[in-house]
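Student: coordinates only, sequence not included:
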């Protein structure tokens, strides 16, 4: 008996020694947190009243995370206490709770140290985040706390049923990307949404994404003007679907849609369905098209053999042996060329609005004159330095800047997805190592803002870099009389991520506010190997600030564009439930994607809340029904 008592005493003494070390560590963290709060007290008073307590919690979190507390976490885990791993929403309450338990273990008198005036409690932390999310994104549905945002395709302007079906299937925020379409189309999209809301008895927020000063490649020289009509064939070469073309008198060749062959004048009036259109294509091949639809000024034709149609091609209309008339193909612009790049190539990026062109090569395919691209932003040429990295087209092509002048950059291509890639116009440029003095709002943004403030609930600011950018946007909102409009910060660059605490404290002067985790450009900027880490840190900081997050970019993209999701995308969509909103981009299978995502989020709601696993009953834990996997899966 004495031996057991001595052993118990030794164990207690060892626990108390661990507790003493842990207690000292917790007190150091508390002091650091309070010191940072005092340092920023003047700034806290300038924040929106709804965000002041949250800003103090954010400062406490930043102070704690300024230390490496992994050893302390190990001690707390060994003592059977909270390891501080889920403290984001209620930092000081967590530190106080652990400190109190350690005091009891050490038999210390309750002598609480200095306290903040108003501590965010364990219950209040999630409640504040929920309140702030509802203020900017609207209430969530009972089944799940994560809302779904859907990007509007161009078709939404002309298809009210599409908008209505999206709303009926779970869209809670309509996203209009100002980088595409115009106010004419946006107004129609909004009109269709309002009609759908009235019909379904549901409400939907509207978010406008300002395009921002995104760096893009300039235009490329047009290629040979040719329209290729290519039927669909199976693996045996048999035609399973003919190629279609619209023959139409198009006055503006720049407005000539894909699949349209512009003609000099309308088809002959006598033409009807079943008639033939004969031509000799650019290769000298005779081709016969069949008219399958007809209107006053155009007709739709089908062809079962590949044809290359160029300007000046004669089109002869006939019915049997009877000639109905003829016309010819009008002038049209060729598709822009692309630039072919492989590692080891040199690419020149020049300032201006002129067209770029592919490299000139000799008979041995050796480059004589490097390929040229243009960029119309002078800040690029003023802000970069030799040795800095540059990426094109969402990181598919990467290089290092080898030479810089006032109007020209020479780039050594170092990496290309697949070893060889084609770069076209209007592709994004990323400069992760460079500090560019770009304006927060472009001239286009200011113009779009005039329309957006009349219709938007949320306004997303693209490529925000520094607190001054937010101040400029707020000044414009003040000028337009919409200061209380919800502001969303799109974190898309390495610099924005590094400045995130300062950006949060600046945007918290407004209410409501949110952050978009824009993982496309951000992944290129920070490196894809770091994206998961950076993504986590953004979620942690925003939870500490009680600022809601929108999880964006390539969510279920394979499903939206191709009809089948990848396994990685399914896992990604499940994790997206940690955010307050998930954004879907457009695609031909957007309706199926919306339903799929909604199903995933509904299921994950019972398993995960932020970083905390929710331990509801698992159907697979029933050993008596282990032989019935399908039913177990359905119950799960």
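Tutor: Sure, I can see it. This structure is a prediction, so every number in the text was calculated from the model and none was measured.
Student: Helix, strand or coil: sort out the closest residue to residue 88 other than its chain neighbours for me.
Tutor: Among residues not flanking residue 88 along the chain, residue 543 sits closest, at 4.1 Å (C-beta to C-beta, 6 or more residues apart in numbering). The C-beta positions use only the backbone N, C-alpha and C, and glycine is treated the same way. Using DSSP: H, G, I helix; E, B strand; the rest coil, the structure places residue 543 in helix.
Student: care to break this structure down by domain?
Tutor: Listed domain ranges for the chain are 2-122, 142-212+438-605, 227-328, 339-430, 606-636 (source: automatic domain parsing).
Student: Residue 594 - nearest residue in space that isn't next to it in sequence?
Tutor: residue 169 (5.1 Å).
Student: Wait, the one you found touches residue 592, no?
Tutor: No. Checked against C-beta atoms under 8 Å, the pair residue 169 and residue 592 is beyond contact range at 9.4 Å.
Student: does residue 261 really touch residue 243, like I thought?
Tutor: No. Assessed by C-beta under 8 Å, residue 261 is found out of contact with residue 243, at 11.2 Å.
Student: between these two, who's got more neighbours?
Tutor: Set residue 261 next to residue 243 and count neighbours by other C-beta atoms under 10 Å: residue 261 wins out with 24 against 19.
Student: Against residue 372, how distant is that one?
Tutor: 32 Å (C-beta to C-beta, to the nearest Å).
Student: repeat for residue 560
Tutor: Going from residue 560 to residue 372 by C-beta to C-beta gives 35 Å.
Student: next one: residue 510
Tutor: Relative to residue 372, and taking C-beta to C-beta, residue 510 is found at 44 Å.
Student: what's the first-to-last distance across stretch 394-410?
Tutor: End-to-end span of stretch 394-410 (C-alpha to C-alpha, to the nearest Å): 20 Å.
Student: For it, what is the distance to the chain centroid?
Tutor: 25 Å (C-alpha atoms, centre = their mean, to the nearest Å).
Student: got the buried residues for that stretch?
Tutor: 394-401, 404, 409-410 (16 or more other C-beta atoms under 10 Å).
Student: Go ahead and confirm residue 554 touches residue 517.
Tutor: No. At 11.6 Å, residue 554 does not count as touching residue 517 under the criterion of C-beta under 8 Å.
Student: what's the burial count for the residue lying closest to residue 569 once chain neighbours are set aside?
Tutor: Closest residue to residue 569 apart from its sequence neighbours, by C-beta to C-beta, 6+ apart: residue 556 at 5.1 Å. Residue 556: 26 surrounding residues under other C-beta under 10 Å.
Student: how near is residue 556 to residue 149?
Tutor: Counting by C-beta to C-beta, the gap from residue 556 to residue 149 is 13 Å.
Student: list the residues that contact both of the two?
Tutor: Residues touching both residue 556 and residue 149 by C-beta atoms under 8 Å, 6 or more residues apart in numbering: residue 584.
Student: so where is this protein shaky, pLDDT-wise?
Tutor: Scanning the chain for pLDDT under 70 picks out the ranges 1-5, 109-117, 251-258, 612-636.
Student: related to what we said a few turns ago, need the winner for burial among the domains of the chain.
Tutor: Mean neighbours per residue, mean count of other C-beta atoms under 10 Å, is largest over the domains of the chain for domain 142-212+438-605, with a mean of 19.
Student: Geometric centre of this protein: which residue is closest?
Tutor: Of all residues in the chain, the one closest to the mean position by C-alpha atoms, centre = their mean is residue 553, 2.8 Å from it.
Student: wait, that one sits on residue 519?
Tutor: Yes. Applying C-beta under 8 Å as the test, residue 553 and residue 519 come out as touching, 4.1 Å apart.
Student: and the residue nearest to residue 125 when sequence neighbours are not counted, what does it touch?
Tutor: Computed as C-beta to C-beta, 6+ apart, the closest residue to residue 125 that is not its neighbour in sequence is residue 89, at 2.9 Å. Under the criterion of C-beta under 8 Å, 6+ apart, the neighbours of residue 89 are 57, 120, 125-126, 128-129, 543-544, 546, 610.
Student: Name the nearest residue to residue 199, sequence neighbours excluded.
Tutor: residue 164 (6.6 Å).
Student: For the one you found, which three-state class applies?
Tutor: At residue 164 the chain is in helix, as set by three-state DSSP.
Student: ok, it to residue 202 distance?
Tutor: Distance from residue 164 to residue 202, by C-beta to C-beta: 10 Å.
Student: between the two, what contacts are shared?
Tutor: Joint contacts of residue 164 and residue 202 (C-beta under 8 Å, 6+ apart) are residue 196.
Student: Strands along the stretch 351-500 of the chain, start to end?
Tutor: Along the stretch 351-500 of the chain, the stretches classed as strands by DSSP state E, counting those that start in this stretch are 360-361, 367-369, 371-375, 389-392, 397-405, 408-416, 421-423, 429-430, 458-461, 486-491.
Student: Which strand or helix spans residue 262?
Tutor: Using DSSP states H and E, residue 262 sits within strand 260-262.
Student: list the helices and strands that strand packs on?
Tutor: Using 3 or more C-beta pairs under 8 Å, 6 or more residues apart in numbering; DSSP states H and E as the contact definition, the elements that strand 260-262 packs against are strand 243-248.
Student: Give me the sheet partners of the strand it packs on and which way each runs.
Tutor: strand 260-262 (parallel), strand 298-303 (antiparallel) (DSSP bridges).
Student: Can I get these in a markdown table including distance to residue 357?
Tutor: Listed next are the strands paired with strand 243-248 as a markdown table, based on distance: least, C-beta to C-beta, whole Å:
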| stretch | distance to residue 357 |
| --- | --- |
| strand 260-262 | 25 |
| strand 298-303 | 33 |
